[in-house]
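In: my questions concern the predicted model and sequence given below.
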Amino acid sequence: MDRDQLRSALEFYRDIGIESLYKRTPSAVALRVPAPVESSSLANTIQEPMPIIEIPSIAPAGDTLSKISADIGDCKRCRLCEGRNKIVFGSGNEKASLVFVGEGPGADEDAQGFPFVGRAGQLLTQMIDGTASKEGINISRPDVYICNVVKCRPPENRAPQPDEMEICGQFLFRQLMAIQPKAICALGATAAKAVLGTKEGVTKLRGNWHKWNDIPVMVTFHPSYLLRPYNQNAKREAWEDLKKVLHFVYD
Ligand code: SF4
């Protein structure tokens, strides 16, 4: 395709509301992608072609967490790089049977470079360790793997935007493909949206099994939501969800 053909193809995509194109290497395999990027109205007068953001191949053969981390490098693929201190890749057992997916790093995580280390993280640890011990399941937090949809802290702790979720979500999907857990637990609406591609809220999704690439997915409340004092019912429901997940994975 010559330059003029490329320009008219890009203008066609722009006219139908697609603002960004992602170039993948030929070995990329099709995976579920998060909710589509919202299109905004573009001025007809804009003449410059859209930027093409290069992202790595999804799940290349022999992918490992260390390769994914190396591919992320000093990532500047989305605007969230601007305010971050540390990229929060994920932590835990690289061969875990259970992966928890949260939304994105907060202030503590951004400072330390590890996921779920602040107040919400302490609650998550209590939930995993406490539920496992009550249910007679011999695991604790280091036995699972924990990561987020976006690896850099969104400013003011806002929710990640659809394009940020789409770009960074490729790394999440590679992490999930590399680990191949027996189940995934999506914490909160952003994780549910990224993994299941749904706009349904947590209240509707929780308590039942869903699937991502044949891996069972349980959605439950994000621990930071559970920290709010008026959410006692949600707390009870989250504990129920976790019980279900732990028995499914470890029985
Ligand atoms: S959020 Fe993800 S895609 Fe965006 S800069 Fe950070 S690592 Fe890169």
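Out: That came through fine.

In: next one: the spatially most central residue of the chain from Ala194, what distance?
Out: Nearest residue to the geometric centre of the chain (CA atoms, centre = their mean): Val149, 2.0 Å. Look at Val149 and Ala194: by CB to CB, to the nearest Å, they are 4 Å apart. No exception for glycine: its C-beta is placed from N, CA and C like everyone else's.

In: got any residues that touch both of the two?
Out: Common neighbours of Val149 and Ala194, using CB atoms under 8 Å, 6 or more residues apart in numbering, are Pro34, Val101, Met165, Gly169, Leu172.

In: now do the strands in this structure.
Out: Secondary structure of the chain (DSSP state E): strands at 21-23, 52-54, 91-92, 98-102, 145-148, 183-187, 209-212, 215-220.

In: turn these into JSON lines, including mean neighbour count and mean pLDDT.
Out: Formatted as JSON lines, those follow (neighbours: other CB atoms under 10 Å; pLDDT from 0 to 100):
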{"stretch": "strand 21-23", "mean neighbour count": "12", "mean pLDDT": "51"}
{"stretch": "strand 52-54", "mean neighbour count": "12", "mean pLDDT": "49"}
{"stretch": "strand 91-92", "mean neighbour count": "18", "mean pLDDT": "98"}
{"stretch": "strand 98-102", "mean neighbour count": "27", "mean pLDDT": "98"}
{"stretch": "strand 145-148", "mean neighbour count": "26", "mean pLDDT": "98"}
{"stretch": "strand 183-187", "mean neighbour count": "26", "mean pLDDT": "98"}
{"stretch": "strand 209-212", "mean neighbour count": "15", "mean pLDDT": "98"}
{"stretch": "strand 215-220", "mean neighbour count": "23", "mean pLDDT": "98"}
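
In: Throw the ones you listed into TSV and include distance to the ligand, thanks.
Out: TSV is the format used below for the strands of the chain (distance: least, CB to the nearest ligand atom, whole Å):
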stretch	distance to the ligand
strand 21-23	12
strand 52-54	9
strand 91-92	15
strand 98-102	13
strand 145-148	9
strand 183-187	17
strand 209-212	19
strand 215-220	21
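
In: show the contacting residues for the closest residue to Glu103 other than its chain neighbours.
Out: Nearest residue to Glu103 in three dimensions, chain neighbours excluded: Thr190, at 4.1 Å (CB to CB, 6 or more residues apart in numbering). Counting by CB under 8 Å, 6+ apart, Thr190 touches Glu103, Gly104, Val149, Ala159, Pro160, Met165.

In: go again with 6 Å.
Out: Glu103, Val149, Ala159 (CB atoms under 6 Å, 6 or more residues apart in numbering).

In: can you tell me how far the first one is from the ligand?
Out: So the one you mean is Glu103. To the ligand, Glu103 is 11 Å away according to CB to the nearest ligand atom, to the nearest Å.

In: distance check, that residue against Asn148.
Out: For Glu103, the distance to Asn148 - CB to CB - is 6 Å.

In: could I get the average pLDDT for stretch 150-161?
Out: Mean pLDDT, stretch 150-161: 97.
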